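S.K.: Return atomic coordinates for the entry below.
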Amino acid sequence: MDIRAVVWDIDDTIFDYAAADRAGMREHLVAEGLLDGYESVEQALARWREVTDQQWLRFSAGETDWEGQRRERVRVFLGRPLTDAEADDWFQRYVAYYEAAWALFPDVLPVLDALAASHRHAVLSNSSLRVQDRKLRVLGVHHRFEAVLCAAELGVSKPAAEAFHAACDALGLPPHQVAYVGDHPEIDGRGAAEAGLLSVWIDRGGAHTVTAVASTRPHRIASLAELPAILGADTRFGVPSTFG
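M.R.: Numbers count the residues shown, from 1 in each chain. Model prediction:
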């Protein structure tokens with residue numbers, strides 16, 4: 001196996017999106033006085049996550065654009081019509097709390113350091129370049145990646161093979177020399193494998209079943225500490241998989 005580069009997903013792979021989203025939305029709902037309509041904070045957060053997932057699917061399917069999915073998240077969550085400006089203002093108030101909670105997972109910097117000399121690195125995200133470029137800069141890792149590609153600008157989203165191939169093209173490498181690391185078993189795990197990349201699926205919480213991606217068999221890991229061993233990197237950082 002001659003893997004020369006690693007392409008990374010961002011949200012819930014290197015950046016703890018779920019934790020930041022929950023913390024930010026909790027603070028936002030308190031500030032907006034919106035918790036009275038729910039039995040608990042957890043119920044409100046679960047509803048926000050449900051609406052977010054629904055609108056991300058629409059965006060991934062090309063049914064709406066980047067700004068549209070954000071505005072619809074707000075309208076559906078609040079259950080009332082809003083102008084674009086009103087929806088944008090509400091979302092930006094949430095973003096202020098969300099960004100205050102941004103953080104990398106603790107295993108990210110060690111693995112990037114371990115692979116710095118042996119592998120090239122890039123990013124492929126189903127988000128927008130404006131959002132993810134800034135996020136990587138704020139988190140202090142933008143300089144680690146040769147290229148940052150996002151669905152909003154590419155015009156194609158994961159799990160489409162064209163998205164993964166665009167990342168390979170940006171590196172000037174064929175798919176079989178590139179690994180992809182992502183957290184979603186279908187969008188990342190199956191998508192990368194079917195596109196011909198070495199697929200590495202990070203399942204931090206063990207919440208998904210193996211059968212969801214059994215046909216393509218991506219490498220399943222619980223921590224990025226396992227990645228160097230899979231890539232055959234010359235490092236002592238890697239550890240055996242906890243999944244067997």
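
S.K.: What segments of the chain are helices?
M.R.: 17-32, 41-60, 66-78, 84-100, 108-115, 129-138, 151-154, 161-171, 191-194, 227-231 (DSSP state H).

S.K.: Give me whichever of the ones you listed is most buried.
M.R.: Mean neighbour count (mean count of other Cβ atoms under 10 Å) peaks for helix 191-194 among those, with a mean of 24. Yep, even glycine has a C-beta here, placed from its N, CA and C like the rest.

S.K.: And that one, what does it pack against?
M.R.: helix 161-171, strand 198-202 (3 or more Cβ pairs under 8 Å, 6 or more residues apart in numbering; DSSP states H and E).

S.K.: Which one of the helices of the chain lies nearest to residue 185?
M.R.: helix 191-194 (9.7 Å; Cβ to Cβ).

S.K.: average pLDDT for the closest one?
M.R.: Here helix 191-194 scores 97 as its mean pLDDT.

S.K.: For residue 226, give its distance to residue 134.
M.R.: From residue 226 across to residue 134, the span is 29 Å (Cβ to Cβ, to the nearest Å).

S.K.: and if you look at residue 159?
M.R.: Residue 159 sits 25 Å away from residue 134 when distances are taken as Cβ to Cβ.

S.K.: Residue 189 too?
M.R.: Taken as Cβ to Cβ, the span from residue 189 to residue 134 is 27 Å.

S.K.: Can you give me the distance of the residue with the largest distance to the centre of the chain to residue 197?
M.R.: In terms of distance from the mean C-alpha position of the chain, residue 36 ranks first, at 31.3 Å (Cα atoms, centre = their mean). Distance, residue 36 to residue 197, using Cβ to Cβ: 48 Å.
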